[in-house]
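Asker: my questions concern the predicted model and sequence given below.
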Amino acid sequence: MEVGAQDKQAETGRRYEVFHTDCPARDMVDHVTSRWGIWVLISLRTSDLRFYELRESIQGISEKMLAQTLRALVQDGLVWRKVEPTTPPQVTYGLTEFGRDLGEPLEDLFGRITRRLPPRG
């Protein structure tokens, strides 16, 4: 398993320079705050989902964009991926501890936004 940027930082004990373009933490922030990254993290907050369930839960995302977003979040160590050797393979995704940790403030942000919006009607 590849070590995520958060683990590299903890091992060295030094802080990342997040405003530098070559900072690995900056790449992770880009993945989380991408057009679809936030929605994937929010969708996985309550339960693990298979690929098609995740696609259905996020309206407007294409299979290609979902696959690319998941690949980046898995590589960053925010999402785990489990493949069951069936025909066709069943692929399930869920949040790692680090992904859950990042998902909490996102959920809080969404709650704050929706509480401030005028009622629908």
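Answerer: Arrived safely. All figures in this text were calculated on a predicted structure; none of them were measured in a lab. Residues are numbered from 1 along each chain as shown.

Asker: in terms of helices and strands, where is the residue positioned nearest the centre of the chain?
Answerer: Centroid-nearest residue in the chain: residue 41, 4.0 Å away (criterion: C-alpha atoms, centre = their mean). Assignment of secondary structure by DSSP states H and E places residue 41 within helix 37-43.

Asker: low-confidence ranges, the chain, go.
Answerer: 1-13 (pLDDT under 70).

Asker: can you map out the strands along it?
Answerer: Taking DSSP state E as the criterion, the chain carries its strands at 49-50, 79-84, 90-95.

Asker: so how far is residue 72 from residue 17?
Answerer: Residue 17 sits 21 Å away from residue 72, taking C-beta to C-beta, to the nearest Å as the criterion. C-beta coordinates here come from the backbone N, C-alpha and C atoms, glycine included.

Asker: between those two, which one's more packed in?
Answerer: With other C-beta atoms under 10 Å as the criterion, residue 17 and residue 72 differ in neighbour count, and residue 72 comes out ahead with 20 against 11.

Asker: which stretches in the chain count as helices?
Answerer: Here the chain has its helices, by DSSP state H, at 5-12, 24-32, 37-43, 51-57, 63-75, 97-116.

Asker: buried sites along the fifth one?
Answerer: Okay, so that is helix 63-75. Going by neighbour count (16 or more other C-beta atoms under 10 Å), the buried part of helix 63-75 is 65-66, 69-70, 72-74.
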